[in-house]
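Trainee: Sequence and predicted structure are below.
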Amino acid sequence: MTIAVVHSATPPGRAALLAGAQEALLRLEDLVIAVAAGSGPVTVEEVREQLGPTANQLDEEGLTIGIGHSQLSDPSDAVVQIAQENDARLLVLGLRRRTPVGKLIMGSLAQRILLEATCPVLAVKA
Amino acid sequence: MFDAALSALQSLAQPSLLIMLLVGVAAGLVMGLIPGLGGTGAVAILLPVTFGMEPAQAFALLIGALAVVHTSDTVSAVLLGAPGSASASVTMLDGYAMARRGQAKRALSLAFLSSMAGGLIGALGLTLAIPLARPLVLSFASPELFMLTVLGVSLAAVLSRGNVVKGILCGLLGLLLGMVGTSPTTAEERFTFGSLFLGDGLSLVAVALGIFGLAEIATRVGQRRTSRNLITLGGGWGTGIREWLTYWTQVIRGSLIGIWAGVLPGVGATAGTWLAYGQAVATAKDKRTFGKGDPRGIVGPESANNSVEAGDLIPTLLFGIPGGVPSAMLLGMLLTYGIQPGPAIVTEHLNLLYLIIWCFAIASIVGAFLCFLGTPTLAKLTKVPFAVLGPGLLVVMLLGAFQGGGQIGDLWVMIALGFVGWVLKATDSPRAPFLIGFVLAIPMERYYYLTATLNDGLGWMSRPWVLVFLAVLIGPALWALVKWARRRRNIASDDGHGIAAALLHDDDEGETDGLLKNSPWSLAVAVGSVTVCAAALVASTGFSPEAQLLPRLVSVAGILVGVVLLIQELRARQFWTRGRTAERLTVRTAVRTFTLMIGFLALVTLVGYLAAVLVFVPAYLLFVARARTRTTVIYTVVLGAALIALPSLIPVDLPTGLLG
């Protein structure tokens, strides 16, 4: 079992990463970063840098940080697939503010993940 | 209606029609296996063969090929991991993964059966569309038909991949090119520079084969032998067939998505298959195995890419606006037979319409059957490197373009447009709107003229259907604005899922596409387009008022859009990637290929076609493609023998040189 975090280079995304790492420490699970096609490449080093001291705490507990990739082009499907593949106990996701009209036109990635994920989802606000 | 359908089926009992259909299916299957040709290549190469045939036979041949191109293009995607056409790259995700696990036969039988069902459901959709659209089509007069042509070009421009500005500009340039020749309203010559040859307008086959065919050769010829080995056919056909039956809902859903994508102009097989794949993933509860050999990832997209071609035919035949590039060529062919799509076809040529549907359905079944039989042998064809196929294709394409008017000038036009097509492809400009604009230019002008003379003032604008079409026209403009606004706000993490992501995949997609985006080349495209439009504007001042109206409108719009693109390109200059080796290599290969083509054509002009082929092909194979001597000799002899035998089998003429 793992804790999966949706990667995003935005303030909510970083908040989600921290919350995910803390969940991992709490439950003693490995951390998996779910990278969708649109959000750009990311390395374990970058993640560790962002986590700062929390990364060292994870090491002390013997927990690993991994990166999950998917070939699927739709980001929400990709995230759900990565969570399923890694047998995620919890999926952590950053939410950002969006106006109702904006949501109507653009749709929402978070909304689709919430509806489609097959595990509990923790939504974090920045 | 039922009688017409039955009598169309009866007419298929004629041996001549049936033979044409089978020949078309065989040709379509082979062309599906060759990477880069696809439906566009198949129709463009076969179109010249149909010159001089009856409409029914011509359609049997072309529809036979079009219906099965997407059945056989799966073979290389599954066995080689290299898709035969851009739309098969979706099937590759799961199909190749399945084949690597030793279940190639399972993947292929799922794909063939889905393709067959997709074709059948597409044909059914086309059948149902006729009674539904008939009252609508019959209520249309010239204002509606004019609006439809405008809609056809603009939807194709907006829905194509990437930059909307580039799409619109390509559509406008296509319209301008279509206006070369005699004006339909005043019979005066436009943009011909006094040349008698240009007076007839440019040949559709030459334009299509240039913009798509030659451009494809120029980009792919640099590709060497693929390093991958063919996967042996493992597993059993039976398991796949039994499994396929359990996925019947996926088949129906995929096919319906395909029809819908086909009906939209400019959304072709590739976007349709991605949409189908997207929905298969989105509706699946367990997404774990997608991309790793999930049968659902094969069934949906494969059904969709065959039904797209049938969906394309719905707006083409009923409204006269082509849904895609292959159907744009079919539309051009209908017009040369004097058959007006739209109101005329549902009243006077209903029989032909049903014949097309029957051909599509029968070809789908026969195509899938032949694929089951022939795959073990035909699969080897996918291993032939494109550099070796290139010269043969070039010879066939040039010969095809020559059949239209029997003029060498057509071939020069074709090579020039081939270069234009290559530049457009390399700078990531969509080429579908260009060809659709070219085909629709004359109908658009004719309907506009009728509308303007039969109606006083702008009263026709308030006709109900005209208003509907205007709304549809403004809708995409708003959509483009939203897209633009979204890019401005730069929302990276929450961007493009669903349809938008799928529409990023265009039919003319390849790894070399857009390589010259953000380079001096794309700036040159913008500058060149503005120059062409400005020149057209200046040239059009010499025409009579009726004849100059539309060219002026189009060229002014072209200048405006071109300037917008120019500003975009100048802004993008900071992102220019200069002097990358991949770029230089691409440019060098293309320039060399086009130089060789020009050399070949000069040789043809001098010594005639057969002699030129016998010199050019071996030289090319030995020195450029570095093929083995034995291959070269056999290749040349077979090609030469075919060229000698061809004129006695089908009505084709070989160009003769100055020296006899």
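Mentor: Yep, that arrived. If you're wondering where the values come from, they're calculated on a predicted model, not measured in any experiment.
Trainee: Kindly list the longest helix within chain A.
Mentor: What stands out as the longest helix in chain A, according to DSSP state H, is helix A:11-27.
Trainee: how about the CA coordinates for the host helix or strand of B:R630, as PDB?
Mentor: With elements taken from DSSP states H and E, the one containing B:R630 is helix B:629-649. Below are the C-alpha coordinates for helix B:629-649, written out as PDB (Å, rounded to 0.1, in the frame of the first residue of the first chain):
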ATOM      1  CA  THR B 629      22.100  -4.300 -55.900                       C
ATOM      2  CA  ARG B 630      19.800  -7.300 -56.200                       C
ATOM      3  CA  THR B 631      16.900  -5.400 -54.700                       C
ATOM      4  CA  THR B 632      17.600  -2.500 -57.000                       C
ATOM      5  CA  VAL B 633      17.600  -4.600 -60.200                       C
ATOM      6  CA  ILE B 634      14.400  -6.500 -59.300                       C
ATOM      7  CA  TYR B 635      12.700  -3.300 -58.100                       C
ATOM      8  CA  THR B 636      13.600  -1.400 -61.400                       C
ATOM      9  CA  VAL B 637      12.600  -4.300 -63.700                       C
ATOM     10  CA  VAL B 638       9.300  -4.800 -61.900                       C
ATOM     11  CA  LEU B 639       8.500  -1.100 -62.000                       C
ATOM     12  CA  GLY B 640       9.500  -0.800 -65.600                       C
ATOM     13  CA  ALA B 641       7.500  -3.900 -66.600                       C
ATOM     14  CA  ALA B 642       4.500  -2.500 -64.800                       C
ATOM     15  CA  LEU B 643       4.800   0.800 -66.600                       C
ATOM     16  CA  ILE B 644       4.900  -0.900 -69.900                       C
ATOM     17  CA  ALA B 645       1.900  -3.100 -69.100                       C
ATOM     18  CA  LEU B 646      -0.200  -0.500 -67.400                       C
ATOM     19  CA  PRO B 647      -1.500   1.400 -70.500                       C
ATOM     20  CA  SER B 648      -2.900  -1.700 -72.000                       C
ATOM     21  CA  LEU B 649      -4.700  -2.700 -68.700                       C
END
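Trainee: Would you mind measuring from B:K517 to B:R220?
Mentor: When CB to CB, to the nearest Å is applied, the distance between B:K517 and B:R220 equals 19 Å. C-beta here means a position set from N, CA and C on the backbone, and glycine is covered the same way.
Trainee: okay, and for chain A, where does confidence drop off?
Mentor: Judged against pLDDT under 70, the low-scoring parts of chain A cover residues A:37-40, A:99-107.
Trainee: need the residues of it near chain B, please.
Mentor: Residues of chain A lying close to chain B by CB under 8 Å from any CB of the partner chain are A:8-10, A:13, A:38-40, A:70-77, A:80-81, A:84-85, A:96, A:98, A:105-110, A:112, A:116, A:118.
Trainee: which among those end up buried?
Mentor: A:8, A:10, A:13, A:38-39, A:70, A:72-77, A:80-81, A:84-85, A:96, A:98, A:106-110, A:112, A:116 (16 or more other CB atoms under 10 Å in any protein chain shown).
Trainee: In helices, which of those residues appear?
Mentor: Using DSSP H, those in helices are A:13, A:75-77, A:80-81, A:84-85, A:106, A:109-110, A:112, A:116.
Trainee: Nearest to B:R463, out of those: which one, please.
Mentor: Proximity of these to B:R463 (CB to CB) peaks at A:M106, which lies at 35.0 Å.
Trainee: Contacts only, for the closest residue to B:L12 other than its chain neighbours.
Mentor: Excluding its sequence neighbours, the residue lying closest to B:L12 (CB to CB, 6 or more residues apart in numbering or on different chains) is B:W358, at 5.7 Å. Counting by CB atoms under 8 Å, 6 or more residues apart in numbering or on different chains, B:W358 touches B:A5, B:A8, B:L9, B:L12, B:A123.
Trainee: again, but for B:R100
Mentor: Residues in contact with B:R100, defined by CB under 8 Å, 6+ apart, are B:I231, B:G293.
Trainee: Show the low-confidence segments of the stretch 1-150 of chain B, by residue range.
Mentor: Counting by pLDDT under 70, the stretch 1-150 of chain B has low-confidence residues at B:1, B:84.
Trainee: interface residues of the stretch 51-200 of chain B facing chain A?
Mentor: Counting by CB under 8 Å from any CB, the stretch 51-200 of chain B sits next to chain A at B:L93.
Trainee: Give me the neighbour count for the residue in the stretch 1-150 of chain B that chain A sits nearest to.
Mentor: Proximity to chain A, evaluated over the stretch 1-150 of chain B using CB to the nearest CB, is greatest for B:L93 at 5.9 Å. Residues contacting B:L93 under the criterion other CB atoms under 10 Å in any protein chain shown number 22.
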